[in-house]
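J.: I would like to see how this sequence folds:
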Amino acid sequence: MKTAFYLFVLALLVVSCNSDDAEQNNTAALEGPWSLVNVEGGIAGVDDDFDIGLIIWNFDSYTQLTVTNNNTVNVVFDGLPSGIYEYRHLTSGQGDTNLDIVDVSGFQFISSSSSQFVLYDGMVDGFLLTFRK
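T.: Numbering: from 1, shown residues only. Presented below is the predicted three-dimensional model:
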């Protein structure tokens, strides 16, 4: 009877374990300020570079993005206007980078490294937004 009890307790312990630690480590890679450094694409063939710190997307740990867009140059597209946006994690732990795939205002993550990632607006003739830490 003791063996059955110990097996039951062991089964409960195994079932109750989850990978919260891995998810927290993955979200940490995205957290913090990212500078929009390039926008390219669109019908007009835009390829605009921006100085680091001019347009900042600051991701919190889970769902809130704060955009500070200080661009005053007239361009076709420079991302989102200043404000607070929600974002959501679609999947996590992609490749060696541990950056999450996110969806924010229709933009989706398409590639990353530890210090850079690219968002795509999902349109056939859409924009690619490149960010750096």
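J.: pLDDT weak spots in this structure?
T.: The model of the chain has pLDDT under 70 over residues 1-28, 89-103.
J.: now do the strands in this structure.
T.: Using DSSP state E, the strands assigned to the chain run over residues 32-41, 46-49, 55-59, 64-69, 83-91, 101-104, 107-113, 116-120, 127-132.
J.: quick one: closest of these to residue 75.
T.: strand 46-49 (5.0 Å; CB to CB). For the C-beta atoms, the positions are set from N, CA and C on the backbone; glycine is no exception.
J.: sheet partners, orientation included, of the closest one?
T.: strand 32-41 (antiparallel) (DSSP bridges).
J.: can you list the strands of the chain in JSON lines and add mean neighbour count and distance to residue 77?
T.: Conversion of these to JSON lines gives the following (neighbours: other CB atoms under 10 Å; distance: least, CB to CB, whole Å):
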{"stretch": "strand 32-41", "mean neighbour count": "18", "distance to residue 77": "6"}
{"stretch": "strand 46-49", "mean neighbour count": "14", "distance to residue 77": "6"}
{"stretch": "strand 55-59", "mean neighbour count": "20", "distance to residue 77": "11"}
{"stretch": "strand 64-69", "mean neighbour count": "16", "distance to residue 77": "11"}
{"stretch": "strand 83-91", "mean neighbour count": "13", "distance to residue 77": "16"}
{"stretch": "strand 101-104", "mean neighbour count": "18", "distance to residue 77": "15"}
{"stretch": "strand 107-113", "mean neighbour count": "17", "distance to residue 77": "12"}
{"stretch": "strand 116-120", "mean neighbour count": "19", "distance to residue 77": "12"}
{"stretch": "strand 127-132", "mean neighbour count": "20", "distance to residue 77": "5"}
